[in-house]
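Q: Structure of the sequence below:
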Amino acid sequence: MKDAVLLVPGMMSDARVFGPQIETLSRSHAVTVANVSDAHSIREMAADILFQAPSRFALCGHAMGGVVAMEILRRVPERVTRLCLISTTPLPETPEQAVWREPQIVKAQAGRLEEAMADTLAPDNFAPGPSRGRVIETMQAMARAHGSEVFVRQSRAMQRRPDAQKALRSLKMPSLVLCGEHDQITPVKRHTFMAELIPYAELAIIEDAGHVPMLETPEKATLAMQAWLDLPMVLK
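A: You can find the predicted model right below:
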């Protein structure tokens, strides 16, 4: 029986960020997209998702959604059959990163959400090319749909995110670490480090993608995720 797939979107994102993958994977798997817009912390997001999630599932998180996925793993590893982490980090926020978020939070609170998003996810975090503008507009559209209050909640949650390194070191399941070469928020070296933490992890780097490979290079991201779902189980 095919694994159910649980997708966890990143900050200010929804199912649209996984749109191409949902279209393909839902032909062979039961696909669920988590809602992370209501909670005030990473731990609360994980708890809300688990209340709604299938009993066992393949887990995939993007950016902040990857942070939430790692918290789910820490809590209930027995419910997760395989793991995919995209454009994310297992490390807690540094003081410098926390300070970097403050002007963005102020802008969002002042009704300047689009400026806050542009600061959070600058254009140079996407691969250059004709798709960059389209992807940025999709990210902005999702942000507008969520609104400034969600931006502030999720920014605060990321400032206080837990360290997930210990949870990753103990994994024994098929795992994929996926990233775009042009991502500067969570660069390739961060993903190489993360893949080295996880026993049996596969590392996939997409050369012509940035922080959102699911939308920038949808065919390549989908193929990588299909291959991940076909990986043999690990004997424990």
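Q: C-alpha only now, for contacts and for neighbours.
A: OK.
Q: And the residue nearest to the spatial centre of the chain, how close does it get to Leu215?
A: Nearest to the geometric centre of the chain sits His62, at 1.2 Å (Cα atoms, centre = their mean). Distance from His62 to Leu215, counting by Cα to Cα, to the nearest Å: 12 Å.
Q: again, but for Glu137
A: From Glu137 across to Leu215, the span is 11 Å (Cα to Cα).
Q: And those two? Which one has more around it.
A: Per other Cα atoms under 10 Å, whichever of Glu137 and Leu215 has more neighbours is Leu215, with 26 against 11.
Q: Quick check: the more buried one touching Phe18?
A: Yes: counting by Cα atoms under 8 Å, Leu215 touches Phe18, with 7.3 Å between them.
Q: where along the chain do the helices fall?
A: Assigned by DSSP state H, the chain shows helices spanning 19-25, 42-52, 64-75, 95-109, 113-120, 132-146, 148-159, 165-169, 188-197, 213-216, 218-229.
Q: The ones you listed: which one's closest to Phe126?
A: Closest to Phe126 of the helices of the chain is helix 132-146 (Cα to Cα; 6.3 Å).
Q: And for that closest one, what's in contact with it?
A: 12-14, 16-17, 37, 113-114, 117, 123, 126, 151, 215-216 (Cα atoms under 8 Å, 6 or more residues apart in numbering).
Q: Please state the offset of it from the chain centre?
A: Mean C-alpha position of helix 132-146 versus that of the full chain (Cα atoms, centre = their mean, to the nearest Å) differs by 16 Å.
Q: now swap in stretch 201-218 and tell me
A: Computed by Cα atoms, centre = their mean, the chain-centroid distance of stretch 201-218 equals 12 Å.
Q: Stretch 98-111 too?
A: Computed by Cα atoms, centre = their mean, the chain-centroid distance of stretch 98-111 equals 21 Å.
Q: Please export the C-alpha coordinates of that stretch as PDB.
A: Provided in PDB are the C-alpha atoms of stretch 98-111 (Å, rounded to 0.1, in the frame of the first residue of the first chain):
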ATOM      1  CA  ALA A  98      16.500  37.100  15.100                       C
ATOM      2  CA  VAL A  99      17.500  40.800  14.900                       C
ATOM      3  CA  TRP A 100      17.300  40.600  11.100                       C
ATOM      4  CA  ARG A 101      13.600  39.700  11.400                       C
ATOM      5  CA  GLU A 102      12.600  42.700  13.500                       C
ATOM      6  CA  PRO A 103      12.400  45.300  10.800                       C
ATOM      7  CA  GLN A 104      10.300  42.900   8.700                       C
ATOM      8  CA  ILE A 105       7.900  42.400  11.600                       C
ATOM      9  CA  VAL A 106       7.600  46.200  12.100                       C
ATOM     10  CA  LYS A 107       6.800  46.600   8.400                       C
ATOM     11  CA  ALA A 108       4.100  43.900   8.500                       C
ATOM     12  CA  GLN A 109       2.600  45.500  11.600                       C
ATOM     13  CA  ALA A 110       2.500  48.800   9.800                       C
ATOM     14  CA  GLY A 111       0.500  47.400   6.900                       C
END
